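K.L.:
kindly generate the corresponding structure for this input.
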Amino acid sequence: MNLTIERLLGSPRDFPIELTLPNGEKHTIPHPDYAHIHPNHRDLIIYPDEGPFSLVINPQQIVQIRPLRKNII
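P.N.:
Next up, the predicted model:
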């Protein structure tokens, strides 16, 4: 999952995305500027518009990544 997240963060056209955790918690990332992989490569840091200043998520705990952008033809 780490490589998927890293590739995704390098591709702004795929945003916004929604991450789902095992407990059903969902987090929306509107743009790659709102998240980054920590240098230890074990943590994803998310900076949400609302709520806490930042969230630290283990990428191995992400069960689903869903794009929220509708395809434009």
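
K.L.:
if I read this right, Arg69 contacts Pro12, doesn't it?
P.N.:
No. With contacts counted by CB atoms under 8 Å, Arg69 stays clear of Pro12, the gap being 10.4 Å. Glycine gets a C-beta too; all of them are placed from N, C-alpha and C.

K.L.:
if you rank every helix and strand of this structure by mean pLDDT, what lands last?
P.N.:
helix 2-9 (a mean of 82; mean pLDDT, DSSP states H and E).

K.L.:
from the chain's centre, how far out does the helix or strand just after that one sit?
P.N.:
With elements assigned by DSSP states H and E, the helix or strand that comes after helix 2-9 is strand 17-20. Centroid separation between strand 17-20 and its chain, computed with CA atoms, centre = their mean, to the nearest Å, is 6 Å.

K.L.:
direction included, what does strand 17-20 pair against?
P.N.:
The partner list of strand 17-20 in its sheet, established with DSSP bridges, is strand 26-29 (antiparallel), strand 64-67 (antiparallel).

K.L.:
among the ones you listed, which is the most enclosed?
P.N.:
strand 26-29 (a mean of 16; mean count of other CB atoms under 10 Å).

K.L.:
residues contacting Asp14?
P.N.:
8, 67, 69 (CB atoms under 8 Å, 6 or more residues apart in numbering).

K.L.:
where does it land on pLDDT?
P.N.:
In this model, Asp14 is scored at 85, pLDDT.

K.L.:
quick one: it from Ile45, how far?
P.N.:
With the distance defined as CB to CB, to the nearest Å, Asp14 ends up 19 Å from Ile45.

K.L.:
quick one: neighbours of the closest residue to His31 other than its chain neighbours, just the number.
P.N.:
Leaving aside its sequence neighbours, His31 sits nearest to Phe15 (CB to CB, 6 or more residues apart in numbering; 5.1 Å). For Phe15, the neighbour count with other CB atoms under 10 Å is 19.
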